[in-house]
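Asker: Sequence first, predicted coordinates after that:
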Amino acid sequence: MPEVHLVVRWPDGTAQRCTSPSTAIERFLAPAGRYPAEEFVRRATAGLDAAGERVRERYGFRCTAAEAQAEAIRDAAALHTEAPDATVVVESLKRAAGRRRFPAPERLGGHRPVVVVGAGQAGLAVSWHLKARGIDHVVLERDRIASNWRDQRWDAFCLVTPNWQCRLPGHPYAGPEPDGFMVKDDIVAYVEDYAASFAPPVLEGVAVDAVERRGDLFLVRTPRGELTADAVVLAVGGYHVAKVPPLASALPAHVAQVHSSQYRNADALPDGGVLVVGSGQSGAQIAEDLHLAGRQVHLCVGSAPRVARFHRGRDVVAWLEDMGHYEMPVDEHPEGTGARREPNHYVTGRDGGRDIDLRAFAAQGMALHGRLLGARGAVLQTGGDLRANLDAADATKRRIEETIDRWIAAQGIDAPPAVPYSPVWAPPASADAPGALDLDAAGVRTVVWATGFRSDWSWVRIPEAFDATGYPAHDRGVTRVPGLHVLGLPWLHTWGSGRFAAVGRDAAHLAERIAAALPAGAPVRVA
């Protein structure tokens with residue numbers, strides 16, 4: 001049961017460090033949350049009470065530390081607040097490092113033929129293939145296996161691809177719901193069970209500070225020491241730093257701002273309305289989560305496309321799989337490598353899977369706006385593109401369905417007829433012109449930035465491995481620097497490269513290339 005550490009900033013500027021004995025408090029407080037003092041004390045006390053109760057349920061005794069922490073917060077509130085509506089800020093809320101299954105030694109050193117950076121599904125997949133070939137290697141993980149799935153997803157998160165597409169090397173999904181969609185805890189368990197199935201040489205808690213060249217070798221610098229390697233695999237994905245637009249700094253201080261990677265649930269956000277900025281996969285799903293929780297939701301809609309969950313009796317993913325769509329290499333994609341920058345189609349696997357129809361949400365009370373353009377204090381400027389963005393998303397959904405229809409006809413498949421889509425809501429004429437959203441007048445107390453991530457490869461100090469934009473220049477994961485590889489990036493080779501569906505195939509390709517390039521006499525360890 002991991003502890004949660006908080007830093008609370010009181011209205012007079014005083015900081016207080018607090019500890020909850022369990023993650024139960026995450027249902028009451030959010031990182032970067034801004035709460036009136038009375039609301040904060042109420043939430044913190046309830047959260048610590050829930051945390052203490054969780055300890056009692058597990059160990060059979062009440063947690064006195066939780067009670068003492070709640071009392072300390074009440075004492076601080078009496079000292080540091082002058083008015084009940086004074087704002088208290090939760091500056092940070094982080095889980096303590098959990099138990100590591102693959103702890104690292106205090107010091108590292110020496111040489112390994114291959115160093116893999118990152119122990120998510122990509123790093124584990126290439127480790128599986130390297131181990132199968134008897135190639136000595138080590139996998140360095142800054143935190144724990146599956147940490148991103150555990151710590152950067154909201155509570156109701158689930159996959160949008162069906163479970164049968166989870167096919168890590170030697171570990172395909174074998175559960176009772178192949179057509180279902182794993183929820184957050186099941187995803188974590190799937191990845192952890194995968195690691196346990198073949199005992200990869202992972203060292204957890206080892207951050208990589210830098211990767212450099214040293215003659216014909218690579219130098220991998222960590223806080224625990226340095227390693228040299230003949231080959232390095234950067235299996236860290238491409239989503240490294242939360243991206244928030246500069247205009248966020250113009251919002252008033254009393255409005256809480258949370259990036260989608262920090263969002264956990266509706267209950268933890270300050271009372272009042274919520275604005276979600278961005279309608280890609282995360283933004284649309286978070287907006288739905290808030291909407292289902294009964295919050296008043298405002299959503300700034302961008303140009304992300306959408307796709308149906310089911311069409312003509314089957315999951316759309318199943319149809320596209322049969323059609324070979326997911327086998328298409330990126331160099332055959334109509335947009336070429338530009339596909340790597342395209343937003344994902346929004347849909348959900350929640351409750352067995354369904355469409356996300358923003359028009360239906362609007363008909364139920366969600367307020368939709370055009371793209372966010374600017375901010376002057378609490379008044380935001382929005383574009384007049386709401387209608388165009390909704391129409392474009394619907395058109396993408398329709399094109400995908402028509403492509404499936406043509407394939408069904410060509411194959412002579414007996415499938416149920418298509419059900420025509422009928423929009424249940426359309427924007428008012430006023431939405432076709434730029435507009436304004438007054439956060440205070442609308443009762444919006446929180447903004448969730450579902451604006452994506454940017455890559456940060458600055459720690460890889462090998463400039464020739466990157467293109468002019470700073471993105472790895474590679475051919476199916478093989479960079480132009482011999483021995484340096486990347487894995488797990490979106491559209492590295494096919495649509496499934498950054499997913500459970502095909503990362504294993506890309507890992508096999510890199511393992512073959514690494515095996516062929518290793519110097520003669522490189523150490524081999526066979527498990």
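Answerer: Structure received.
Asker: check contacts around the closest residue to G349 other than its chain neighbours.
Answerer: What sits nearest to G349 in space, not counting adjacent residues and going by CB to CB, 6 or more residues apart in numbering, is F181, at 2.7 Å. The C-beta positions use only the backbone N, C-alpha and C, and glycine is treated the same way. Taking CB atoms under 8 Å, 6 or more residues apart in numbering, we find F181 in contact with C158, L159, V160, T161, P162, N163, G349, R350, G352, G353.
Asker: And A229, how far from D136?
Answerer: 10 Å (CB to CB, to the nearest Å).
Asker: Which one's more surrounded, those two?
Answerer: Taking neighbours as other CB atoms under 10 Å, A229 and D136 compare with A229 leading, 22 against 17.
Asker: tell me which element the more buried one falls in.
Answerer: Assigned by DSSP states H and E, A229 falls within strand 225-234.
Asker: and that strand, what does it pack onto?
Answerer: Contacts defined by 3 or more CB pairs under 8 Å, 6 or more residues apart in numbering; DSSP states H and E place strand 225-234 against strand 111-117, strand 210-214, strand 217-222, strand 484-486, helix 503-517.
Asker: just how off-centre is it within its chain?
Answerer: Strand 225-234 sits 27 Å away from the centroid of its parent chain (CA atoms, centre = their mean, to the nearest Å).
Asker: which SS class is the spatially closest residue to F453 that is not a sequence neighbour?
Answerer: Leaving aside its sequence neighbours, F453 sits nearest to Y239 (CB to CB, 6+ apart; 3.8 Å). Assigned by DSSP: H, G, I helix; E, B strand; the rest coil, the conformation of Y239 is coil.
Asker: surely Y239 meets G488?
Answerer: No: at 10.0 Å, Y239 does not count as touching G488 under the criterion of CB atoms under 8 Å.
Asker: Comparing these two, which shows the higher neighbour count?
Answerer: Comparing Y239 with G488 by neighbour count (other CB under 10 Å), the higher total belongs to G488, at 26 against 19.
Asker: ok so that one is a strand residue?
Answerer: No: under three-state DSSP, G488 falls outside any strand and is assigned coil.
Asker: sorry, back to before: quick one: common contacting residues for A229 and D136?
Answerer: In contact with both A229 and D136: R112, P113, V114, using CB under 8 Å, 6+ apart.
Asker: most surrounded residue in those residues?
Answerer: Among these, V114 has the most neighbours (other CB under 10 Å), with 27 neighbours.
Asker: Next up, the contacts around it.
Answerer: V114 sits in contact with L130, I135, D136, H137, V138, A229, D230, A231, V232, V233, I514, L518, where contact means CB under 8 Å, 6+ apart.
Asker: can you list those residues in CSV and add distance to Q257 and pLDDT?
Answerer: Converted to CSV, the contacts of V114 look like this (distance: CB to CB, whole Å; pLDDT from 0 to 100):
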residue, distance to Q257, pLDDT
L130, 42, 98
I135, 46, 97
D136, 46, 97
H137, 41, 98
V138, 39, 98
A229, 41, 98
D230, 45, 97
A231, 41, 98
V232, 36, 98
V233, 36, 98
I514, 43, 97
L518, 48, 90
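Asker: CSV for those, including distance to D12?
Answerer: Below are the contacts of V114 laid out as CSV (distance: CB to CB, whole Å):
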residue, distance to D12
L130, 56
I135, 59
D136, 57
H137, 53
V138, 49
A229, 52
D230, 57
A231, 55
V232, 49
V233, 50
I514, 58
L518, 61
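Asker: Tell me the one of those nearest D432?
Answerer: Of all the contacts of V114, D432 sits closest to V233, with 49.6 Å by CB to CB.
Asker: Pull the number of nearby residues for the closest one.
Answerer: Neighbour count of V233, defined by other CB under 10 Å: 29.
Asker: Then S279?
Answerer: 27.
Asker: For it, give me its contacts.
Answerer: A287, L299, C300, V301, G302, A304, Y346, L358, N389, A450.
Asker: and of those, the nearest to G412?
Answerer: Using CB to CB, the contacts of S279 come closest to G412 at Y346, 32.3 Å.
Asker: what about the helix or strand containing A360, distance to the chain center?
Answerer: Counting by DSSP H and E, the element that carries A360 is helix 358-363. The offset between the C-alpha centroid of helix 358-363 and the centroid of the whole chain comes to 25 Å, using CA atoms, centre = their mean.
Asker: can you list the residues that contact it?
Answerer: Here helix 358-363 has contacts from 279, 284, 287-288, 291, 297, 299, 301, 306, 366, 368, 390, 393, 423-427, using CB under 8 Å, 6+ apart.
Asker: just the helices in this structure please.
Answerer: 37-59, 64-80, 121-132, 147-151, 184-198, 281-292, 316-322, 358-363, 386-411, 503-517 (DSSP state H).
Asker: and those as CSV, adding distance to G443?
Answerer: Converted to CSV, the helices of the chain look like this (distance: least, CB to CB, whole Å):
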stretch, distance to G443
helix 37-59, 14
helix 64-80, 25
helix 121-132, 41
helix 147-151, 30
helix 184-198, 30
helix 281-292, 14
helix 316-322, 37
helix 358-363, 18
helix 386-411, 21
helix 503-517, 43
